[in-house]
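Engineer: Pasting a predicted model and its sequence here:
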Amino acid sequence: MVKSEIKPSEIQIINVMDDVRKGKVKVKYVFNYNITEVQEEVTEFDPDGNEIQVTKIMYEYEQFVFESEFDLLFKNIIPQILKTMYEEKKMEILNNIALANTELPKEISIGGDA
């Protein structure tokens, strides 16, 4: 789970590397899922140096980093490709998030007296 004060977009491109010799472009990108607005109490200091409690709006979300390589020919349509990939992965990732949040017991008894 990631937190930020700024609402993120669902897709963020964080790095693009062109390989002109091979005719490829490598793209590192982030898919953000389950973006939720939450209020959080934080301690700040007023101009006089006194501690004060402030309620801030924050955003919590699940973030997944991917890297893909495309033909340089497709560079201008990569945003549309990423949108399609985001939507195709959405249900799988949301299901996996739900499964990952399942708590396992710390101890398991088989029965009988120990």
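Structural biologist: Received the coordinates, thanks.
Engineer: Which element, helix or strand, includes the spatially most central residue of the chain?
Structural biologist: Note on the chain: the residue nearest the mean C-alpha position is Gln63, at 1.3 Å, using CA atoms, centre = their mean. Gln63 belongs to strand 51-71 when assigned by DSSP states H and E.
Engineer: Name the strands paired with that strand and say parallel or antiparallel.
Structural biologist: With DSSP bridges as the test, strand 51-71 is paired with strand 2-4 (antiparallel), strand 24-45 (antiparallel).
Engineer: Next, the residues that contact it from outside, please.
Structural biologist: By CB atoms under 8 Å, 6 or more residues apart in numbering, the list of residues contacting strand 51-71 from outside reads 1-8, 14, 23-46, 78, 81, 85, 93, 97. In this view, the C-beta of every residue, glycine as well, is placed from N, C-alpha and C.
Engineer: Narrow those residues to those that are buried.
Structural biologist: With neighbours counted by 16 or more other CB atoms under 10 Å, these contain buried members at 24-25, 27, 29-32, 35, 78, 93.
Engineer: State the pLDDT value of the nearest residue to Ile6 once chain neighbours are set aside.
Structural biologist: In this structure, Ile6 finds its nearest non-sequential neighbour in Tyr59, 7.2 Å apart by CB to CB, 6 or more residues apart in numbering. Tyr59 is assigned 97 on the pLDDT scale.
Engineer: Kindly provide the distance from Tyr59 to Ile110.
Structural biologist: 44 Å (CB to CB, to the nearest Å).
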